[in-house]
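Peer 1: predicted model and sequence follow; I will ask about them next.
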Number of protein chains: 2
Amino acid sequence: MAQPQAKVVETVSSPFISACRKQPVPHTPVWIMRQAGRYLPEYRKVREKVDFVTLTRTPELAAEVTLQPLRRYDFDASIIFSDIMTPLQGMGVELEFKPGPVVEEAIRSLKQVEALRPLVPEQDVPFVMESIRIVRSELPDNVPLIGFAGSPFTLFCYLVAGKPSKEFAEPRSFLHAEPATSALLLDRLADAMIVYLRAQAAAGAQALMLFESWGGLLGPQDYANYAMPPVRRIVEGLAGLDVPLIYFANQGGANLHVISGLDVDVVGLDWRVSIAEARGILGEGKAVQGNLDPALLFAPKDTLYQRINDVLVDAGTVPGHIFNLGHGIWPETPPDAVARLVDYVHERTSRC
Amino acid sequence: MAQPQAKVVETVSSPFISACRKQPVPHTPVWIMRQAGRYLPEYRKVREKVDFVTLTRTPELAAEVTLQPLRRYDFDASIIFSDIMTPLQGMGVELEFKPGPVVEEAIRSLKQVEALRPLVPEQDVPFVMESIRIVRSELPDNVPLIGFAGSPFTLFCYLVAGKPSKEFAEPRSFLHAEPATSALLLDRLADAMIVYLRAQAAAGAQALMLFESWGGLLGPQDYANYAMPPVRRIVEGLAGLDVPLIYFANQGGANLHVISGLDVDVVGLDWRVSIAEARGILGEGKAVQGNLDPALLFAPKDTLYQRINDVLVDAGTVPGHIFNLGHGIWPETPPDAVARLVDYVHERTSRC
């Protein structure tokens, strides 16, 4: 935010930012969730030398793996390599990655919630902002860098469960058994994510994304009651920032009516949702991002092209579509399939 | 099927069977998925003495735990205690429960698919039918017994992944990488489930249920391409059986349009779906079952009643609603909450 004028000049020329703003684009921009990751041999090579946590906390290495996919593919955006749980460590939560986040002491009491420290990003997680500054210095202007955070309900799931889970029974029952403590924890998380996202933007992130990875565990009523209020708090807390905000509603098909009231620029969709139907529900004010099933990257070339085409047809020609997978790319994915995906989306949608 | 006349007399008097048939009922029938299970101290007591596999393979014990919840609560139906993976052991699949099903050798080749033996239920899994016969001899006529099987795509997920998984990346990529082998495996599984379900009905099961636990991993196009054909094959293979068929479409909200074409009596819904919307999509010919979030059983009494009421209002007054949870009950659930649930549904819907 130090040089707002300079930023505007940069971002206007980017298809990704234009699509976020629902402006016309020369081609449909494309990037993929977890594009810096284990499907790339060069990423695995870095990981042979350092563990995941060290990688997220070493700016030169985090910047390096962020840039790796950009050297291979014509992605229209980059996303900083980090983890949604990283800022929680700055709030005093002890956790390890095995490989999913395991919290030393699951949060189940008011006392534990009150003991959480407010996040001071440049002091608690300075390496994230340093990674962003390095990546920005290396990237061309037309490839914006996305900063991100976990949505409060999703972070709540990990904190209350204490570990990854299929159903997250503990956090879901905790919501109903301890609604006041739950609401306080969700608010504290929202406040932390506000300063965290603002710090990322100040360091140079040109778009921000909130990952609601586990929101799809809630039916519409509880989504409205528990997942939405802290997200609205974040949206309000980011007011005045001149960067687009993307809300990824994983498994959110049942909750799009609820999400439609949210003042974000882009809604990310998983692969089980029709983009056309989603746009109908979300309204004309929002762009959408998604949503090829990551499984399709294992299909023969012709099937892959056909299914990419299906997504593009579903998205239609109204401005405001960013092509992405409907979920993070899987580690076993053949890198060549990603090359085909990116090139095909560009060729098929080129307006030149 | 040995005494069809006797059965008709029995089932006509059952609210559960009437609701499956979309006939008027004296009260909304209620049962809950995994009602025989770890939330009951008497179940845990049995499990202290025998492991899960032994329990499923010992008819007296399987019958005992099937009946346990019926002694505590006024459930309108029982469901035989077993596991969807049990019949696969009869086809030559080596597997263990740790506690989820772990297959000794994941199925990833045509040769492995061809090596699967056709299931001969009374020879391969006689204990299931024996359990059914014991339960039937102990249950009153107005509490029907449900037999069940896993849907082919769901069984396919476990067989190809080899173990439980959050995303089931291997089976989902295998579908696209090896469509012909996938289709053959799905057909073989369908054929096995046809004879398995027929054997359960012949032994006395008065309704049959197919659990599509993992169908929600597929978007509508792949659901139509891969999950539906083997289910249609099963429905056709059960033609002529005078027992209602329930299809539980877990996480199936996005696929209800596809499912609406299926000739089943009842569609089970998870808690993320509006029953009213689902009925609109599924059409008047189908009853529905569901769909309280299992997390609500941890809420204070008044909240629980309010949310049960919400489900009943959502279901409306058109005949053809069976109250259930939207997913299996969690082991940590307080048994008293189940008592409140059952009694409240009966009182609130009583037409006397």
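Peer 2: Happy to help now that I have it. Residues are numbered from 1 along each chain as shown, chains lettered A, B, ... in the order given.
Peer 1: return the distance of A:Val267 relative to A:Tyr158.
Peer 2: From A:Val267 over to A:Tyr158 the distance is 23 Å, taken as CB to CB, to the nearest Å. C-beta coordinates here come from the backbone N, C-alpha and C atoms, glycine included.
Peer 1: sorry, that was for A:Phe323
Peer 2: Distance, A:Phe323 to A:Tyr158, using CB to CB: 29 Å.
Peer 1: which residues of the stretch 1-150 of chain A fall in strands?
Peer 2: All strands of the stretch 1-150 of chain A, identified by DSSP state E, counting those that start in this stretch, fall at A:78-79, A:95-97, A:101-103, A:145-150.
Peer 1: what's the following helix or strand after the longest one?
Peer 2: It stands for strand A:145-150. helix A:152-161 (DSSP states H and E).
Peer 1: and the stretch 201-350 of chain A, which residues reach chain B?
Peer 2: Neighbours of chain B within the stretch 201-350 of chain A, by CB under 8 Å from any CB of the partner chain: A:216, A:218-222, A:251, A:253-255, A:271-274, A:293-300, A:303, A:307, A:310, A:326-327, A:330, A:332.
Peer 1: just the buried ones from those residues?
Peer 2: By the neighbour-count criterion of 16 or more other CB atoms under 10 Å in any protein chain shown, those include these buried positions: A:216, A:218-220, A:222, A:251, A:253-255, A:271-274, A:293-299, A:307, A:326-327, A:330.
Peer 1: neighbours of A:Ser109, how many?
Peer 2: Per other CB atoms under 10 Å in any protein chain shown, the neighbour tally for A:Ser109 reads 12.
Peer 1: can you tell me the closest non-neighbouring residue to it?
Peer 2: For A:Ser109, ignoring the flanking residues on the chain, the nearest one in space by CB to CB, 6 or more residues apart in numbering or on different chains is A:Thr181 at 7.2 Å.
Peer 1: residues in contact with that neighbour?
Peer 2: Residues in contact with A:Thr181 (CB atoms under 8 Å, 6 or more residues apart in numbering or on different chains) are A:109-110, A:113, A:174.
Peer 1: if we go to 10 Å?
Peer 2: Residues counted as contacts of A:Thr181 (CB atoms under 10 Å, 6 or more residues apart in numbering or on different chains) are A:107-114, A:160, A:174-175.
Peer 1: quick check: the residue nearest to A:Lys22 when sequence neighbours are not counted vs A:Tyr247, distance?
Peer 2: Using CB to CB, 6+ apart and skipping the chain neighbours, the partner closest in space to A:Lys22 is A:Gly320 (3.8 Å). To A:Tyr247, A:Gly320 is 14 Å away according to CB to CB.
Peer 1: most neighbours, which of the contacts of A:Thr181?
Peer 2: Within the contacts of A:Thr181, neighbour counts (other CB under 10 Å) peak at A:Leu175, which reaches 27 neighbours.
Peer 1: buried residues in the longest helix along chain A?
Peer 2: Selection of the longest helix in chain A by residue count, based on DSSP state H, yields helix A:179-203. With burial defined by 16+ other CB under 10 Å, the residues of helix A:179-203 counted as buried are A:181-183, A:185-186, A:188-203.
Peer 1: interface residues of the stretch 51-200 of chain A facing chain B?
Peer 2: Residues of the stretch 51-200 of chain A found near chain B (CB under 10 Å from any CB of the partner chain) are A:100, A:164-179.
Peer 1: now list the buried members of the residues you listed.
Peer 2: A:164-165, A:168-178.
Peer 1: adding secondary structure, write those residues out as JSON lines.
Peer 2: Shown next, in JSON lines, are those (DSSP: H, G, I helix; E, B strand; the rest coil):
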{"residue": "A:Pro164", "secondary structure": "coil"}
{"residue": "A:Ser165", "secondary structure": "coil"}
{"residue": "A:Phe168", "secondary structure": "coil"}
{"residue": "A:Ala169", "secondary structure": "helix"}
{"residue": "A:Glu170", "secondary structure": "helix"}
{"residue": "A:Pro171", "secondary structure": "helix"}
{"residue": "A:Arg172", "secondary structure": "helix"}
{"residue": "A:Ser173", "secondary structure": "helix"}
{"residue": "A:Phe174", "secondary structure": "helix"}
{"residue": "A:Leu175", "secondary structure": "helix"}
{"residue": "A:His176", "secondary structure": "helix"}
{"residue": "A:Ala177", "secondary structure": "helix"}
{"residue": "A:Glu178", "secondary structure": "coil"}
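Peer 1: with respect to B:Tyr344, which of those residues is nearest?
Peer 2: Of all these, B:Tyr344 sits closest to A:His176, with 16.0 Å by CB to CB.
Peer 1: verify the stated contact: the closest one with B:Lys301.
Peer 2: No: counting by CB atoms under 10 Å, A:His176 stays clear of B:Lys301, with 11.4 Å between them.
Peer 1: now A:Arg279: which helix or strand?
Peer 2: With DSSP H and E as the criterion, the answer for A:Arg279 is helix A:275-282.
Peer 1: what lies in contact with that helix?
Peer 2: Residues from elsewhere that reach helix A:275-282, judged by CB under 10 Å, 6+ apart: A:249, A:252-253, A:255-262, A:264, A:266-267, A:269, A:273-274, A:286-291, A:310-316, A:318, A:320-321, B:254.
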